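# quick one: sequence plus predicted model below, questions after.
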Amino acid sequence: MKSDVLIIGGGPAGLKAGKTIASNDLNVIIVDKEFENKSAQLVYKSGLKDLDLKIDNSYLLNELRKVSLVSPNENKVNISNENINSNEVGYIIDSKNFNKYLLNDAKSVGCEIKDNTT
């Protein structure tokens, strides 16, 4: 296994970093014990935009306009379009499909993927 850069961890950050680095003509290997996370998660639209990721229906489950966050001690914070000055609060995404999307994106610029690596 020879590369210019070895990334340990194939989550969204590792895959995006790998793509960015490989786009600059460096050989990148990304290793992870399991690339497929099977849960759903909340992401903010601005977060996807900041990472230069397009909104793709392959991983988008639902658009949110209001979110209530409740802490273990019952403190509650409401986030809505009105209090963040935005048209969309965020999205619920399918993590498994989101990671597949990012994995294919990283492969498209030459990243070598090593799965089931412990």
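Sure thing, it's come through.
# hey, what's the residue found closest to Val89 once you drop the neighbours it is linked to in the chain bridged with?
Leaving aside its sequence neighbours, Val89 sits nearest to Leu64 (CB to CB, 6 or more residues apart in numbering; 4.5 Å). C-betas here are computed from N, CA, C, even on glycine. Leu64 forms beta bridges with Gly90, as assigned by DSSP bridges.
# isn't Leu64 right up against Asn78?
No - the criterion here is CB atoms under 8 Å, and Leu64 misses it with Asn78 at 12.0 Å.
# name the residues that touch stretch 14-31?
With contact meaning CB atoms under 8 Å, 6 or more residues apart in numbering, stretch 14-31 is reached by 1-10, 32, 51, 53, 99, 102-103, 105-106, 108-114, 117.
# report the buried members of those.
Neighbour-count burial (16 or more other CB atoms under 10 Å) is assigned, among the contacts of stretch 14-31, to 7, 10, 32, 53, 99, 102-103, 105-106, 111-114.
# okay, those residues in JSON lines with distance to Lys19 next?
As requested, these are exported to JSON lines (distance: CB to CB, whole Å):
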{"residue": "Ile7", "distance to Lys19": "10"}
{"residue": "Gly10", "distance to Lys19": "12"}
{"residue": "Asp32", "distance to Lys19": "15"}
{"residue": "Leu53", "distance to Lys19": "10"}
{"residue": "Asn99", "distance to Lys19": "13"}
{"residue": "Leu102", "distance to Lys19": "8"}
{"residue": "Leu103", "distance to Lys19": "10"}
{"residue": "Asp105", "distance to Lys19": "5"}
{"residue": "Ala106", "distance to Lys19": "4"}
{"residue": "Cys111", "distance to Lys19": "7"}
{"residue": "Glu112", "distance to Lys19": "12"}
{"residue": "Ile113", "distance to Lys19": "11"}
{"residue": "Lys114", "distance to Lys19": "16"}
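# what is the lowest-pLDDT residue among the residues you listed?
Of all the buried ones among the contacts of stretch 14-31, Leu53 has the smallest pLDDT value, namely 82.
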